[in-house]
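Q: okay, structure incoming, though there's no sequence with it:
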């Protein structure tokens, strides 16, 4: 009987086996299983004194001192180190970190998220002992949660980092991710408050226009086109050929606000400049009609040496655009002064 069943059993095993391997791999890559695997790998502590290196399992932080457990003579010995005593701490998971950041850098946030989740949970308690390079997965986890995970998780995890000493660059990344998470959740008054705080700290000449884009869009939606135009123009005034996050939204709001104020010439000029900078219309239903109306408008005034239409109001910041083959140039101080004078009005 067994001999007759053997070919059948072999065929069943062959049919089942190819499916089982991917299943096991999928289970290993869950944050919980990855975190469990990381907990069983040794960390490395290099001390400032005598340049000694200790390798052992992490045992948490007690009285502000990092502890690791080392196997010795059939037993265990526990060492603890203050922050000043550690020259470098290397946590387990270098291979996992490499996979996570490579996935993130190539734009595959969904593949990076479970890896970053495990690394974030592993490292968050040890952040005071890590350098900025080793903190990168933790900060990136907030961005990944905001982008493909749960905006609530992004906000919650970012709050856990508020008391940690981070660099200005890391703080800026966290601030942007939290603001985007609130925007995705459409948190109304709280979103406006956070965007205003963002703008109060941000440099208009910096690499992001996120806060201004949110406030400008909110003003447009709530029926305040004058305010929407003013807010949107602030990062535009200080922009040049360098990339600037959310600048496309600011231009779109400025065009829509100008149109709402019956200032079609100004709207056409802004739309033409938007195209010169290589900015596409945001995928936002709010700008659908503006995109179709102004996407190909005023092309006859671009790159021909003719001066674009200007407005008769003091809020206009129009200057002749550069030739089509030249990079956009920064606006001059005269344009900024016009904006400043428009606030008083």
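A: Nice, thanks for sending it over. As the structure is a prediction and not an experimental result, all values here were calculated from the model. Numbering: from 1, shown residues only.
Q: what backbone torsions are found at the residue lying closest to residue 121 once chain neighbours are set aside?
A: Spatial nearest neighbour of residue 121, excluding adjacent residues (C-beta to C-beta, 6 or more residues apart in numbering): residue 35 at 5.5 Å. In this view, the C-beta of every residue, glycine as well, is placed from N, C-alpha and C. Main-chain torsions, residue 35, degrees, to the nearest 10: phi -60, psi -40.
Q: and residue 35, how many residues sit next to it?
A: Look at residue 35: counted by other C-beta atoms under 10 Å, it has 17 neighbours.
Q: so where's the protein shaky on pLDDT?
A: Applying pLDDT under 70 to the chain flags the ranges 1-28, 296-345.
Q: quick check: longest strand in it by residues?
A: The longest strand of the chain (DSSP state E) is strand 53-62.
Q: tell me how many other residues surround residue 276.
A: Around residue 276 sit 17 other residues, with neighbours defined as other C-beta under 10 Å.
Q: distance check, it against residue 148.
A: In this view, residue 276 and residue 148 are 33 Å apart by C-beta to C-beta, to the nearest Å.
Q: try residue 85
A: On the measure of C-beta to C-beta, residue 85 and residue 148 end up 39 Å apart.
Q: touching, the residue nearest to residue 121 and residue 116? I think so.
A: No - counting by C-beta atoms under 8 Å, residue 35 does not reach residue 116; the two are 11.6 Å apart.
Q: helices along the stretch 151-300 of the chain, start to end?
A: 151-160, 168-185, 188-201, 210-221, 225-237, 247-260, 264-276, 288-294 (DSSP state H, counting those that start in this stretch).
Q: CSV for these, including distance to residue 129?
A: Output for the helices of the stretch 151-300 of the chain, formatted as CSV (distance: least, C-beta to C-beta, whole Å):
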stretch, distance to residue 129
helix 151-160, 16
helix 168-185, 15
helix 188-201, 28
helix 210-221, 31
helix 225-237, 38
helix 247-260, 38
helix 264-276, 47
helix 288-294, 50
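Q: which of these is buried the deepest?
A: Stretch with highest mean neighbour count among the helices of the stretch 151-300 of the chain: helix 247-260 (a mean of 26; mean count of other C-beta atoms under 10 Å).
Q: same for it, what does it pack against?
A: Judged by 3 or more C-beta pairs under 8 Å, 6 or more residues apart in numbering; DSSP states H and E, the packing partners of helix 247-260 are helix 210-221, helix 225-237, helix 264-276, helix 288-294.
Q: and the contacts of the shortest one?
A: Applying C-beta atoms under 8 Å, 6 or more residues apart in numbering, the set of residues contacting helix 288-294 from outside is 252, 255-256, 259, 267-268, 271, 281.
Q: just give the number of residues close to residue 295.
A: Residue 295 has 14 neighbours, counted by other C-beta under 10 Å.
Q: just to check, it is in contact with residue 274?
A: No - applying C-beta under 8 Å as the test, residue 295 and residue 274 come out as separate, 9.1 Å apart.
Q: quick one: closest of the helices of the stretch 151-300 of the chain to residue 48.
A: Ranking the helices of the stretch 151-300 of the chain by proximity to residue 48 (C-beta to C-beta) places helix 168-185 first, at 23.8 Å.
Q: that closest one vs helix 188-201, what angle?
A: In terms of direction (axes from the mean of the first three to the mean of the last three C-alpha atoms, to 10 degrees), helix 168-185 departs from helix 188-201 by 160 degrees.
Q: export the helices and strands packed on helix 247-260 to JSON lines and tack on distance to residue 135?
A: Below are the helices and strands packed on helix 247-260 laid out as JSON lines (distance: least, C-beta to C-beta, whole Å):
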{"stretch": "helix 210-221", "distance to residue 135": "22"}
{"stretch": "helix 225-237", "distance to residue 135": "28"}
{"stretch": "helix 264-276", "distance to residue 135": "37"}
{"stretch": "helix 288-294", "distance to residue 135": "40"}
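Q: of these, which is nearest residue 195?
A: Within those, the stretch nearest residue 195 is helix 210-221; the backing value is 4.2 Å (C-beta to C-beta).
Q: what about the closest one, distance to the chain center?
A: Distance of helix 210-221 from its chain centroid, counting by C-alpha atoms, centre = their mean, to the nearest Å, is 18 Å.
Q: again with stretch 253-264
A: That offset, for stretch 253-264, works out to 30 Å (C-alpha atoms, centre = their mean).
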